[in-house]
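Q: okay, sequence plus prediction incoming.
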Amino acid sequence: MNVLQKLTLVIVVVFASLNASAQTSKVVSGTTDFSVKFIMGTCHGTFDGPRGSAVFDEKQVGASSFDLKINASSFKTNSSTRDKDMKSDKYFYVEKYPDIHFKSSKVEKKDSKYLATGTLTMRDVSKTVSLPFEAKKNADGGYTLTSTFDINRLDYKIGRKDWKLKDIVTVDLKANIK
């Protein structure tokens, strides 16, 4: 084997190993919980877990990316009347905007955690956000990613200003990727 063939083989092996360690994963399970304060206390609810794709490797954080969606019509609280109202055009308008979508543009390590910056779209509004998250490697080689963050519902036209309902919603997101 001549020098050029050896060099070519080394380059192929290096690129193959880089590609293998940062391969696209699928979200296999997860949860999406939220809470918002209102006049009667705090409303807790859920959406279905996120779905989509993720590229994450703690050794190559800068090569990571996320493209996640949550089914907006899966909104559930302990009140069927409230759930129906929240799915209407006054709030999530799920008939026209069925998904909540996050697509990252940058992922970086911040101290012992990570930060995914990207576009969050709800209804017809897209905003750049930075979502903190933690990553735990699982025994099967996948990861469990968890994030807790606050969003202002009014920034996304989710309802109107109302003295009975606070503007800030806390979201707890968990995604198992493999």
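A: Alright, I've got the coordinates.
Q: partners of the top strand by length along the chain in the sheet?
A: Ranked by residue count, the top strand of the chain under DSSP state E comes out as strand 24-38. Strand 24-38 has the following sheet partners, assigned by DSSP bridges: strand 41-47 (antiparallel), strand 51-55 (antiparallel), strand 165-177 (antiparallel).
Q: figure out which of those strands is closest to residue 86.
A: Distance to residue 86, taken as CB to CB, is lowest for strand 41-47 among the strands paired with strand 24-38, at 8.4 Å. (C-beta placed from N, C-alpha, C; glycine too.)
Q: returning to what we had before: the strands paired with strand 24-38: which one's closest to residue 133?
A: Residue 133 lies closest, by CB to CB, to one member of the strands paired with strand 24-38: strand 165-177, at 7.9 Å.
Q: now for the closest residue to residue 161 other than its chain neighbours: which residues touch it?
A: Once flanking residues are discounted, residue 161 sits nearest to residue 154: 6.4 Å by CB to CB, 6 or more residues apart in numbering. When contacts are counted by CB atoms under 8 Å, 6 or more residues apart in numbering, residue 154 touches 160-161, 167.
Q: now, among the residues you listed, which is nearest to residue 111?
A: Within these, proximity to residue 111 (CB to CB) peaks at residue 167, which comes in at 28.6 Å.
Q: turn the strands paired with strand 24-38 into TSV, including distance to residue 87.
A: What follows is these, written out as TSV (distance: least, CB to CB, whole Å):
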stretch	distance to residue 87
strand 41-47	11
strand 51-55	19
strand 165-177	16
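Q: residue 75 is nearest to which of these?
A: strand 41-47 (5.9 Å).
Q: now do the closest one: distance to the chain's middle.
A: Distance of strand 41-47 from the chain centroid (CA atoms, centre = their mean, to the nearest Å) equals 18 Å.
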